[in-house]
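Novice: I would like to see how this sequence folds:
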Amino acid sequence: MKKLLPKSIRNPKGFTLVELLVVVSIIAVLSVIGITVFTGVQKNSRDARRRGDIEAISKAIEAHINTSTDQNCTAAAGTYCAPQDATTWFASGKIPTDPASGASYNGLPANGATSYTVCAKLGDATGTCNATAADCFCKSNQQ
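Specialist: From the prediction side, this is the model:
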């Protein structure tokens, strides 16, 4: 039967403690770098989705401005219509919501409104969101 001996010049089996510590530290550094990059990518993707949602909401609102020939809107001509079910505005069948919190975006106009501003908080913004805030993305009426 073979007897296992500690690592020596004649018996090079096994790793030294220093070698193990170097490998563990390299893995730790790579893990930290990977986690920070991954969280940054997630934040950017949520912000891109928020911008896309606000663009879609704005286009849907603009598509529902009342013209004198629109029979389905009770609002005055030149104002925005708010259908009974706003989910019919979107192909998904529901109004887009914030990807992180699931809260709905504010700013859908009421029936007969002459203007609107739909905003979304970007990143980890706190507080109220308006068209002048730097950490918000807003779209206002185009007409």
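Novice: which helices and strands sit right next to the helix or strand containing Ile54?
Specialist: Taking DSSP states H and E as the criterion, Ile54 maps to helix 17-63. The contact analysis (3 or more C-beta pairs under 8 Å, 6 or more residues apart in numbering; DSSP states H and E) places helix 17-63 against strand 117-121, strand 136-140. Every C-beta, even on glycine, is put in place using the N, C-alpha and C of the backbone.
Novice: Of those, which is nearest Gly107?
Specialist: Closest to Gly107 of the helices and strands packed on helix 17-63 is strand 117-121 (C-beta to C-beta; 3.4 Å).
Novice: pLDDT averaged over the closest one, what's the number?
Specialist: Confidence for strand 117-121, expressed as mean pLDDT, is 87.
Novice: Return the set of buried residues in it.
Specialist: Val118, Cys119, Ala120, Lys121 (16 or more other C-beta atoms under 10 Å).
Novice: With adjacent residues omitted, what lies nearest to Arg51?
Specialist: Phe137 (5.3 Å; C-beta to C-beta, 6 or more residues apart in numbering).
Novice: Distance-wise, check that neighbour relative to Arg46.
Specialist: 12 Å (C-beta to C-beta, to the nearest Å).
Novice: Please name the residues that touch the residue nearest to the spatial centre of the chain.
Specialist: Among the residues of the chain, the one closest to the centroid is Arg46, at 1.7 Å (C-alpha atoms, centre = their mean). Counting by C-beta atoms under 8 Å, 6 or more residues apart in numbering, Arg46 touches Pro99, Ala100.
Novice: Throw the buried residues of strand 117-121 into a markdown table and include distance to Thr97, thanks.
Specialist: Formatted as a markdown table, the buried residues of strand 117-121 follow (distance: C-beta to C-beta, whole Å):
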| residue | distance to Thr97 |
| --- | --- |
| Val118 | 13 |
| Cys119 | 14 |
| Ala120 | 10 |
| Lys121 | 13 |
